[in-house]
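Student: Okay, sequence plus prediction incoming.
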Amino acid sequence: MQNRGEIGSIPFSMLAISPLRSASQSGIIVPLQYQHWREKSTMPLLDHFDILAPLYDRLITNPEETKIIRLAKLPTEGSLLDAGGGTGRISQHLVQHAKQVVVLDSSIKMLNQALSKNGLRAVGSETEYLPFSDASFERVTMVDALHHVAEQKRSLQELWRVLKPGGILVVEEPDIKVFAVKLVALAEKLALFRSHFLSPERVSEYLEKLGAKTHIVRDKPNAWIIAEKCN
């Protein structure tokens, strides 16, 4: 029987895990299993994104929302998930192009910044363990985040699981084949980030094994992997 009602403006029917709690009074939805997932994660003791949260939008600019709107074939009458969306720097520009925009991130402090932007719903969780029912979103985006994930294949599998048939998944990553990105990867390693960069071809290949129809759009230094889920 499908639950009726909502929590934090997200329908119960979309949430696969219950019960949930709110992070303080912020309105961020956090699964009770979240702490268990964090303990399983290989996130380093130094959580860079909690530290960077207040400054992140000023440090990382140029969200390229026009390109995302085009590649994701927005607008959509359904819901959009911005996985690893942090402060909502991308999804704040997509609110007018979807019925509902949900930002998911493992950093509660980053999500607190997202909630300062109008129209965004926030969920605290790892992308390896999405707390949503199958086929919940018409669009899923993951921008500049996959290389920060510990279990990348599992994350891609989860993104694919929550995407509705006929939906589109857009993954944007720095292209590790570009020399400048190799330098960034080295710098992040020295800074004790857990970054691991996959080539666009490897991301595309794995999504195709899940049943996706994919193509790659390169725009140095980044690459966009677009995956369509057939009906």
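Tutor: Nice, I can see it. Bear in mind that the values here come from a model prediction, so they are computed numbers and not experimental data. Residues are numbered from 1 along each chain as shown.

Student: need the contact list for Val170.
Tutor: Ile68, Leu71, Ala72, Arg139, Val140, Thr141, Met142, Val143, Trp224, Ile225, Ile226, Ala227 (CB atoms under 8 Å, 6 or more residues apart in numbering). Heads up, the C-betas are built off the backbone N, CA and C, glycines and all.

Student: List the buried residues for the host helix or strand of it?
Tutor: Element membership of Val170 [criterion: DSSP states H and E] is strand 163-174. The neighbour-count check on strand 163-174 (16 or more other CB atoms under 10 Å) flags Leu163, Lys164, Gly167, Ile168, Leu169, Val170, Val171, Glu172, Glu173, Pro174 as buried.

Student: Quick check, the fourth one in contact with Ile68.
Tutor: I take that to be Ile168. No - in this structure Ile168 lies outside contact range of Ile68 using CB atoms under 8 Å: 10.7 Å.

Student: Save the contacts of Val170 as JSON lines, and put in pLDDT, distance to Arg154 and secondary structure too.
Tutor: JSON lines is the format used below for the contacts of Val170 (pLDDT from 0 to 100; distance: CB to CB, whole Å; DSSP: H, G, I helix; E, B strand; the rest coil):
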{"residue": "Ile68", "pLDDT": "94", "distance to Arg154": "24", "secondary structure": "helix"}
{"residue": "Leu71", "pLDDT": "98", "distance to Arg154": "24", "secondary structure": "helix"}
{"residue": "Ala72", "pLDDT": "98", "distance to Arg154": "23", "secondary structure": "coil"}
{"residue": "Arg139", "pLDDT": "98", "distance to Arg154": "21", "secondary structure": "strand"}
{"residue": "Val140", "pLDDT": "98", "distance to Arg154": "15", "secondary structure": "strand"}
{"residue": "Thr141", "pLDDT": "98", "distance to Arg154": "18", "secondary structure": "strand"}
{"residue": "Met142", "pLDDT": "97", "distance to Arg154": "13", "secondary structure": "strand"}
{"residue": "Val143", "pLDDT": "94", "distance to Arg154": "19", "secondary structure": "strand"}
{"residue": "Trp224", "pLDDT": "97", "distance to Arg154": "21", "secondary structure": "strand"}
{"residue": "Ile225", "pLDDT": "98", "distance to Arg154": "17", "secondary structure": "strand"}
{"residue": "Ile226", "pLDDT": "99", "distance to Arg154": "21", "secondary structure": "strand"}
{"residue": "Ala227", "pLDDT": "99", "distance to Arg154": "16", "secondary structure": "strand"}
